[in-house]
Every structure is written in C-alpha cells, then in structure tokens.
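A.B. asks: Provided below for reference: sequence and predicted model.
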Amino acid sequence: MTVMDPAIQQLVGCFTQTTSPNIAERKPAEQYLQQAARQPGYAITLLTLLQTEGPEDQVKHAAAINFKNHVKAFWTLPEDDLGGTPFQIPDGEKDPIKQGIVALMLNSQPLIQAQISEALALISNSDFPEKWQTLLPELVSRLDCNDYSAICGVLRTANSIFKRYRFAYRDDKLYTELNYVFNEMVGKVSTDPSVQPPRPLLHLLKRTSALVAQATSPEQLTPLLTAVRLIFRIFYSLNSQELPEIFEDTIDEWMSEFMNYLSYENPLLVSADPEKEGIVDSIKVAICENINIYIEKNEEEFEKFLQKFVESVWTQLMKVGTNTSTDRLAASAIRFLTTVSKSVHFKLFENLLTPIVENIVIPNLQIREGDEELFEDNYVEYIRRDIEGSDNDTRRRMACELIKALNVKFPEAITAAVSGHVVRLLGESAASPANWKAKDCAIYLVVALTVQKSSAAKGATEVSTLVNIGDFFVSHVQPEIAAPPNSSSPFLKADSLKFLTTFRLHIPKATFLQLFPHVAGLIAHESSVVHSYAAHCIERMLLVKDAGVARFTPAELAPHLPLLLQNLFNAFELGDSNENEYLMKCIMRLTAFMGPAIKPYAAECQRKIVELLVEVCKNPRNPTFNHYVFESVAALIKNSCTGDAAVTEVFEGLLFPPFQGILQADVTEFAPYVFQILSQMLELRPTPLPVVYMALFPLLLNKDLWERTGNVPALVRLLQAYLQKAPEAVSDGNNLTAVLGVFQKLIASKAHDHQGFYILNTLVEFCPPAALKPFLPQIWSLLFTRLQSSRTTKFARSLTVFIALFVSKHGMDAVLESVNSLQQGLFMMLVDAVVISALGTISGTVDTKLCSVGFAKVLCHQTLLVAQPSWSKLLTALIGMFERPEAEQGEEEEEEVAEAPGFTTSFAQLHHSSGADKDPIPEVQDSKAFLAQSLSQLSTANPGQIPPLMATLEQQCQQALLAYCQAAGVTIS
C-alpha cells in the first residue's frame, strides 16, 4: 500500500469532501482549499497528488480542475486584490511546473489530460515563448511517436495555445512570435531547392493519412482522425493573420490533403446517434473553415484550387442529410459558398441561381423534426439560434446569408428565382393548414431577400426595393398576428412576430397601434417561444424613433397597460418561462418607458417582482434575467418614488426583507445590485434619514464587503449617498476614520483608485471642514506616496479634479495650507509636475467645469502669480482644455441596458438606478466667462502685470482668451 505524504492526504480528503452533496461537509473543504491556494508550494503539491498512485479518479479530476483554476488565478499577479497582499505562484515553483507539466498531461487519463492541457495553455498565455522556450521543442519532439493518444494530447495543447493568433492584434511582436512557431512547428522556408528542411506538422499529417488508409476498425480510426482534425484546426490558427511563406511553399500538399478528406467516407464510422457529429464530419467542417479563410485572405494563391473545392463542397451539400449531427457541416459548407459569392469569383454562380435556391437554400431553410422539438422543449436555445441574427451557426441563418450575398451580385435574377418559390410555398400553405411549414419557409425567404442591412438595436435598416415588404406584411403576416392565438401553428405566430420586429422601422405607426392589443394578447400564448417573441417585439418597439423622436408616447399605450402587465406577469407561470429574460426585459422597458404614468400600477408591479426575486435568490442561474429583475425594480423606484414619501415607504417595506435575506445569505451575485438600489432610495430620501438607514451604515464599513471587487462601485456610491444625506453623522466618532480607511484601501489599487477619489471628493464637498481638517495632511501624504510609487494617467487626472474641487469649495488658502504643511512649495511642484499635463486629459462636462473654475482660482492667487512660467503654462493648459474638440459621439440608443456579465460577481451597472451627474458649483454658469472675469479682476488688482504674461502665450491662445473676454464684457489691462 502506498504511503502518502500528510499534505497529499489532507488534499485528498478535502477534494473528496468537495464532491459531497452535503453543504456542511463541502463548505469547510472549499474554504480550506481557498486558504491553501495562497500558500507557497500549493501548485507543486497538486501536481504531486496527480502523479500519486492511490487517490480515486474522481479526486484526481477535482484536483486537476483546481490546478487549472489555481493557475488561472495566480500564475500572474492579479491586476487588483482588495482582499490583502496580492498572491502569485512563486517564481521558484514555476520552472518545476513547466518542466513536468507536458509529461504529466500526456501520461494522464483523458478527463485529467484535458484539464492539464487547459492549464498548460493558460501558462503559455503568459510565458510563451519568451519565458518558456523549451515548450514548443518539447511538444514537437513528442509528436515523433506511435502513441496517438499522446499525439492527440500534444496537438490539443498546441491548438489551445495557437488559438490566440486567430484574433490577435497585428504588430511586430506577433509576427516575431509567429515566425518562431512556424520554424518549430511547421518548418523553415527552404533556401536551397536540394535541401528539404523538416516539416513536422505536414509530415505528421501525411504519416497519419497513410495509417488511416490502412486502418480497419473504428478503434484504430478514431484517434488517427482526431489527430487529423486537430492538425487542421492548428492550420486555421496559424493562417488566420496572413499567408505564411512556409504554407505558401507547401500549399499544393495541404490542399491535396484537404481535398482527399473532403470526399472521405468510411462506413465503419457512421454514427448511430443522429444528433452527435461524427469525426469525419468534424474534419470536413475544419476543412471548410480553412478554405473559407483562404478565399477571404489569400484569394490569389487559392484561385487555382477554387473550382475543384466549390464542386466538392457542392457535392457534400447534396449528400448532407437533415440530421442534427450534420448541422455544422451544412452551415460551414454554405458559408464557404457565401464567401465565394462575395468575392471576385462570384460569376461561378451566375448560371446556378435556381439550383442553389432549390437544392441548397430551401432544403436548409425548412423546419425539421429537431427544430420542432427544440421549439417545444428548449425555447431558450431555439430563440438563441433564431432571434435577430444571433444564429450564425445554423443552417437557416447560413442559407439566408447565401441569399443575401447573391442578392448583392444578382439582385434581379435572384429575386425572380426566389419569388417563384415564395408564391409556390404560400400556395401550398393556403391549400391546407397542415402545410404551415411551407409558409414558414416562405417568410424566411422573404426576410433573406429583403433585408440588406440590419442591427440588433434597430432591426432592418435598409431593404430591397425589388420586394414590396408592405404588401407582403399586410397580406401574409398581419393576419397571423391578428388571428386568435390558437388559429395556426405557433411557429407561424413566432415567425410573424419576428417579421414585425425585424421590419419595425418600416411598419407604419398606425398599423402597429392597431396590432398592439393582439401582440399583447400573444404574451398569454402557451408557447414559450411565442410569448417571448411577443414580449421582445413590444420591448424593441418602445425604442423606435422617427427623426430622433420616440415613435410612441406613454399616453398611446396607457389604455393597454393593465392587460399588458397582467399578461407579462402571468406568463412567468407558463411552461418553462419562470425565468424568462424576454418577459423581464419587456417589464423593465415598459416601466421605464411609461415614466410617471406607471405610478398607479407601481406597488403591485413591485410586489410581483419581489416574489420573482425571492424565488431566484434560492438558486441564481440566469444572470440576464436577474439583471432585468433589478433594472425593473430601479425603474419603478425612479418613476414612482421621486417626491412621494408614501410610495417610497411602501417600496421600502417590500424590498428591505428580501434585501436583508440576500445580504445575510451572502448571495454574492446580487449584493452589488442591492447596494445600488439602496443608494438610489437613499438619494431620493429627504433628511433626516430614517433609523433603518442609519442602522445599516456601520455594516457598510465591514471590510469583508470591500474585499469583493464586484461590490466596490456600488458600495462607493452608497457611501457617497450617506455622506451627502447625513454628513454630520458620518463625521461623528470613529465613522470618519473608517471611511478614510476605505479611501486608503482603494487609492492603493490601480483598478479602484478612481473610486477612492469619488469618496474623497464627496468628503470635501459635504463633510464639515472642521471634521476633515485634522486628516488632510495624512490624505495628501497618501496621495503623494501613490503618485511617486505608481503614477498612472487615470490617477493624475483624478488627483487634478480633486484639487480643483477642493479649491472651488474651500478656497486656495485652505489647499495651500494643507499641502504645504508637508513641505514648503509642494503645491507649486504639484501644479508643474502633474496638473498642467493632466488638464489635457480632462473630459466630461462636470470635470471640465470643475477644473476650469478651480484652476482659474489658482491662477488668480498671488502665490501662482509670482511664479510666472507656471502661470503661463497653467493658463495655456486651461485654454487648451476649453478649445479641445469634443470626441465625436455615436448615435445614442434610447435606454439601451447592458446585460449582466454572466455567472460572475463582477459589477453590473443598473442603468435605471443611475442618477444624473450633479454640478458641485451651480453658481458658475459659464466657465469661460468665469475665467475671463477672474483674470480681469486679477489685472485690476495688479495693474500692468497681467498683459506681459499674456503676451507670452501662443497667438491661438491669446485669440481664444480675447474671445472669452469679449463674450463676458470684460477687459484685461
């Protein structure tokens, strides 16, 4: 019996407990592992465990996953770690790990091998190739064996490493790295025709192909073909930037292999599972993606192979069945033909338009049994593939993209070819309700033929003039929406709603208002897809603008509001829609859109939302749904509580119990949302604050809350709200010390230093000066220490805004006294070294105004006047800030709310919880006029001193300042 090291035994016991369904056993083990992970030697101990005989496979698998996550978290120094001293795997451990990890991976079982391979790829993201020059030679050397399990492990790892080249930014560093990879993995370019350098990857492919030809069983074929597929994926990664010379030299050999495998068939490998993709089809998918990238990026070099590949891909599409297992092959093959049709070789299809529509487009647009099952059993996946262009990998989407591409090159011909089939399909559908699939196909054809440009935000923005979309809508779509809910297939209801949503910019307002009650009624449809599409349709419609003005008004929707809200909330009880994000997003959009008109329904809406919140707290599983729950809460508060204490108290009574439950149960995903909502309600509360809010304040300073980075922005805002609403209470006793402790923690972090300045700015603006004054030397000392040790552009900008605010609120003398108490003349050094350059980075209305007013006061103080070079430089910087053109802003979308960032505890901003930026110096109306007036007063107080200083300015600055003075009606003499 193997005797294990005590440390290994301890870890084995912990990993065994982590698989327990009993939380009382699982939680302590997880906590132990979290603490152990921050100790030196932990990663080495994990690898030792994985190589130790005795532990069960389940334990080793858990340890492998833990090792991968450990590497991900701690191989490099975290950008920010608010929980204490940042931890990183010591350098002394990294070399042994890198020396042994390849062998460990290759000698492990498949499940463990996959985790170690991922860990290896994560390490390579940081260290390869500069800090790990032995990796690639070792991987290449491991390819020279007959063990295809090991070969596949090496190729899988190389594939993971090289994937980063697919989307990497092109620069000299990238090309240097790629050349190194080519030389080691692919082979060097031959300069002597008589000498053939090694070609490791191509040699392996040919050797494997020879073995494939000899193999006589699935057991022999599967690892060989897996290696072929991985080689083809590596080929894709290494060719993603541009055609490397080494691949150009061997292009004939590679394309020959592609052609052979594109036509490869083997009855031994026919899968019995109609839903599982076979290895042969996955190879053909890889080939289609490879030749697709060549026709996109290397058209000239690929031209001589194009005709044969088009014919071969066409042949594959004629043989592809309707099974789900061949979906990726069909989609990738159609994508290749689509890319060819967009290229200069589009005339290859000039005489094939009718066969393309009949043999490729329509067969791949038609509803299959698998689609029907997905529609009924998994509405989330069906919608993900179908709605508004998010289904790029499906047969239907790629068939539509092929029609769109051909429509660009052959508009009249393809319209004629498609229109004939649309008429035929509509005729078949009209003959019998049982032929509803024909109408479904017809609708898809019309959409594909008509939409020329579209976006998720606006739907179809440009449409073909060869198709009368209005007539088609009135004749074939509108009747489906207006008909009773169960009068036709739910597919057609969904298709029609999607059609209306897609062409929302082109459907007249009157038509939609006529259809609105019917669309609202379809929210009660029993099909989850149908009521999701109905909710999505209304939600998108509420964002439509005509000439920049919202198309619909709250008054126009008000008569339908009771039924609409009832159907939306009732729909959560239909089918699998208990966490339907489309319903929740529609509620959010509707409550925001209606504004104050939602108030009569607000309390009942909030009650129902709280019921949903209580349920999702038990098992948060859909971050998008959860985000819209809290957005809806925030929208109701925004539109109902302003100026109404009674409604605010009702909302507090509804929200505080679940919020308390969230914080007590430590539902980390929801804590940032709770803090944002509490901030929003606190900001709306008149003073003095109720006892319940003041009782919460000490909890806000709990250091554990601040250790979670996702909490920080929301906690900072909540702390700011307390400082604004109860500054005396916050400044009392030890509270101010604790608040400054939070500031100190944040200011030391590059990721969160700006949040520290938010707290500091609020203290300066609202805290009683007498309470803050004793702390000012320490505050300045902390700021200067950070400035010297780790200056960043963001920090310098934030510090500059803080100084401007301090001067604006408390005057130049107060700032000079507190700063120069550390070192005489320190303030002027700060202006020269930081402020003047940082003013060039200031943006935003509030910050620009603060800096203009604050530093105008600095300019006009006697201390700066005697430092003439600094005075001129600061004035030049201020004028430059005024005259710098604003960055061009993109067209804003009405209240477009971001989704939650997936299953993380990251901070997600609640759009409807955000308040407008407040002007800390509202008494100043015109910043340029304030500067001109201040300089005029300064010149009056110091006759003859200012004009000579102004004369040292550049001519452009002098002209700008003269314009400010003329506009303000003042002179400088």
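C.D. replies: That came through fine. Numbers count the residues shown, from 1 in each chain.

A.B. asks: now the helices for the stretch 501-650 of the chain?
C.D. replies: 509-522, 528-541, 554-557, 561-571, 581-594, 599-618, 623-640, 645-664 (DSSP state H, counting those that start in this stretch).

A.B. asks: among those, which is nearest residue 358?
C.D. replies: Closest approach to residue 358 among the helices of the stretch 501-650 of the chain (C-beta to C-beta): helix 528-541, 28.6 Å. Just so you know, the C-beta spots here come from the backbone N, C-alpha and C atoms, and that holds for glycine as well.

A.B. asks: tell me what that closest one is packed against?
C.D. replies: helix 379-386, helix 490-502, helix 509-522, helix 561-571, helix 581-594 (3 or more C-beta pairs under 8 Å, 6 or more residues apart in numbering; DSSP states H and E).

A.B. asks: residues of the shortest one that come out buried?
C.D. replies: This means helix 379-386. 379-380, 382-383, 385-386 (16 or more other C-beta atoms under 10 Å).

A.B. asks: got it, and stretch 102-115?
C.D. replies: Quick answer for stretch 102-115 (16+ other C-beta under 10 Å): 102, 104-106, 108, 112-115.

A.B. asks: roughly how far out does that stretch sit from the chain middle?
C.D. replies: 32 Å (C-alpha atoms, centre = their mean, to the nearest Å).

A.B. asks: next one: phi and psi at residue 468?
C.D. replies: With angles defined as degrees, to the nearest 10, residue 468 sits at phi -90, psi 90.

A.B. asks: that one and residue 957: what is the separation?
C.D. replies: The spacing between residue 468 and residue 957, counted by C-beta to C-beta, to the nearest Å, is 60 Å.

A.B. asks: can you pull the contacts of residue 228?
C.D. replies: 205, 208-209, 212, 261, 283 (C-beta atoms under 8 Å, 6 or more residues apart in numbering).

A.B. asks: of the buried residues of helix 379-386, closest to residue 537?
C.D. replies: Of the buried residues of helix 379-386, the one sitting nearest to residue 537 (C-beta to C-beta) turns out to be residue 383, at 12.5 Å.

A.B. asks: surely that closest one is in contact with residue 530?
C.D. replies: No. If you go by C-beta atoms under 8 Å, residue 383 and residue 530 don't touch, sitting 10.7 Å apart.

A.B. asks: rewinding a little: for residue 144, which of the helices of the stretch 501-650 of the chain is the nearest?
C.D. replies: Among the helices of the stretch 501-650 of the chain, if distance is taken as C-beta to C-beta, the winner is helix 623-640, at 46.7 Å.

A.B. asks: that closest one - contacts with which helices or strands?
C.D. replies: Using 3+ C-beta pairs under 8 Å, 6+ apart, helix 623-640 sits against helix 581-594, helix 599-618, helix 645-664, helix 671-684.

A.B. asks: got CSV for those, with distance to residue 810 too?
C.D. replies: What follows is these, written out as CSV (distance: least, C-beta to C-beta, whole Å):
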stretch, distance to residue 810
helix 581-594, 39
helix 599-618, 41
helix 645-664, 33
helix 671-684, 24
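
A.B. asks: out of the ones you listed, nearest to residue 57?
C.D. replies: helix 599-618 (32.4 Å).

A.B. asks: tell me which residues of that closest one are tucked away?
C.D. replies: For helix 599-618, using 16+ other C-beta under 10 Å, the buried residues are 599, 601-603, 605-606, 608-610, 612-613, 616-617.

A.B. asks: which one among those residues gets closest to residue 324?
C.D. replies: Once C-beta to C-beta is applied, the member of these that ends up nearest residue 324 is residue 616, at 31.4 Å.

A.B. asks: what about the protein, any weak spots by pLDDT?
C.D. replies: The model of the chain has pLDDT under 70 over residues 1-4, 79-85, 191-195, 388-392, 863-868, 886-906.

A.B. asks: strands of that one, start to end?
C.D. replies: 451-455, 459-463, 545-546, 549-550 (DSSP state E).

A.B. asks: mean neighbour count, the ones you listed: which tops it?
C.D. replies: strand 459-463 (a mean of 18; mean count of other C-beta atoms under 10 Å).

A.B. asks: how about the CA coordinates for it, as PDB?
C.D. replies: Only the C-alpha atoms of strand 459-463 are listed here, as PDB (Å, rounded to 0.1, in the frame of the first residue of the first chain):
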ATOM      1  CA  GLY A 459     -33.800  45.600 -37.000                       C
ATOM      2  CA  ALA A 460     -33.800  46.100 -40.700                       C
ATOM      3  CA  THR A 461     -32.300  49.500 -41.600                       C
ATOM      4  CA  GLU A 462     -32.100  49.000 -45.400                       C
ATOM      5  CA  VAL A 463     -34.400  46.900 -47.500                       C
END
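
A.B. asks: who touches it?
C.D. replies: With C-beta under 8 Å, 6+ apart as the criterion, strand 459-463 contacts 388, 450-455, 469, 501-506, 540.

A.B. asks: and that strand with helix 528-541, angle?
C.D. replies: Strand 459-463 and helix 528-541 are oriented at 70 degrees to each other (axes from the mean of the first three to the mean of the last three C-alpha atoms, to 10 degrees).

A.B. asks: could you list the paired strands of strand 459-463 along with their orientation?
C.D. replies: Sheet pairing of strand 459-463 (DSSP bridges) gives strand 451-455 (antiparallel).

A.B. asks: out of residue 468 and residue 957, which sits in the busier spot?
C.D. replies: residue 957 (20 against 12; other C-beta atoms under 10 Å).

A.B. asks: and for the residue lying closest to that one once chain neighbours are set aside, the neighbour number?
C.D. replies: In space, residue 957 comes closest to residue 879 once its chain neighbours are excluded; the distance is 4.8 Å by C-beta to C-beta, 6 or more residues apart in numbering. By other C-beta under 10 Å, the residues close to residue 879 number 23.

A.B. asks: what's near enough to touch residue 879?
C.D. replies: Neighbours of residue 879 in contact, by C-beta under 8 Å, 6+ apart: 953, 957, 960-961.

A.B. asks: export the buried residues of stretch 102-115 as CSV, with columns for distance to residue 416.
C.D. replies: Below are the buried residues of stretch 102-115 laid out as CSV (distance: C-beta to C-beta, whole Å):
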residue, distance to residue 416
102, 60
104, 63
105, 58
106, 59
108, 60
112, 59
113, 56
114, 52
115, 56
